[in-house]
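Q: Got a sequence here, can you build the structure:
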Amino acid sequence: MTTTVDTPVRRAASAVEHRLGLAAGAYAGLGLLAGLFYRTLTHSRDFTGATTLSLGHTHFLALGMLVMLLVLVLERLFGLSEHKAFRWFEPLYHVGLLVTAGSLIVRGTLQVVATNPTSMAFAGIAGLGHILLTVAFVMLFLALRSALRPAR
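A: A predicted model of the protein is given here:
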């Protein structure tokens, strides 16, 4: 007598899941490169002061890679992409994160190379990126709320 074990059937990834996985990998790569750039530049210039350059590394890894992996899981579980708000989440989030981290890296690089970046434009650009990230998070939570609405 033989027994069979039921193995769960794994469904293929959707295009959205594939895109989210690629984005997570891209942000991991950008985060590692930003960290390498920070370490190399500050070490080559014997820089020991405070700089926003280190924040690019953490923004790409935490807000980029980790959030995309979490959204990938939420997409797999709840099908967030079926909801209108999710269509706004993705582009707003990517643009917001790239603007935010990019402005931090540019300003930090200028701080390390001894240029005094006192322009308020840096704060304004980073602020715009954070606003886009905030709107994107609102869209994500609206899509999640819609996906978790009980059946009637």
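
Q: mind showing which ranges of the chain have poor pLDDT?
A: 1-9, 115-118 (pLDDT under 70).

Q: Now the spatially most central residue of it: closest residue in space that isn't a chain neighbour?
A: Closest residue to the average C-alpha location of the chain: residue 64 at 2.0 Å, with Cα atoms, centre = their mean. Spatial nearest neighbour of residue 64, excluding adjacent residues (Cβ to Cβ, 6 or more residues apart in numbering): residue 27 at 2.7 Å. For glycine as for every other residue, the C-beta is placed from the backbone atoms N, C-alpha and C.

Q: from what I can see the one you found touches residue 62, true?
A: No - in terms of Cβ atoms under 8 Å, residue 27 does not count as a neighbour of residue 62; the distance is 9.4 Å.

Q: Of those two, which one has the most company?
A: Shown here are residue 27 and residue 62; by other Cβ atoms under 10 Å, residue 27 has more neighbours (25 against 12).

Q: The helix or strand harbouring residue 110: what's the following helix or strand?
A: Residue 110 is part of helix 84-112 when elements are defined by DSSP states H and E. Sequence-wise, the next helix or strand downstream of helix 84-112 (DSSP H and E) is helix 121-147.

Q: Check which helices and strands that following helix sits against.
A: In terms of contacts (3 or more Cβ pairs under 8 Å, 6 or more residues apart in numbering; DSSP states H and E), helix 121-147 is packed against helix 67-78, helix 84-112.

Q: Distance to residue 151 and mean neighbour count added to these, as a markdown table?
A: Shown next, in a markdown table, are the helices and strands packed on helix 121-147 (distance: least, Cβ to Cβ, whole Å; neighbours: other Cβ atoms under 10 Å):
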| stretch | distance to residue 151 | mean neighbour count |
| --- | --- | --- |
| helix 67-78 | 13 | 18 |
| helix 84-112 | 19 | 20 |
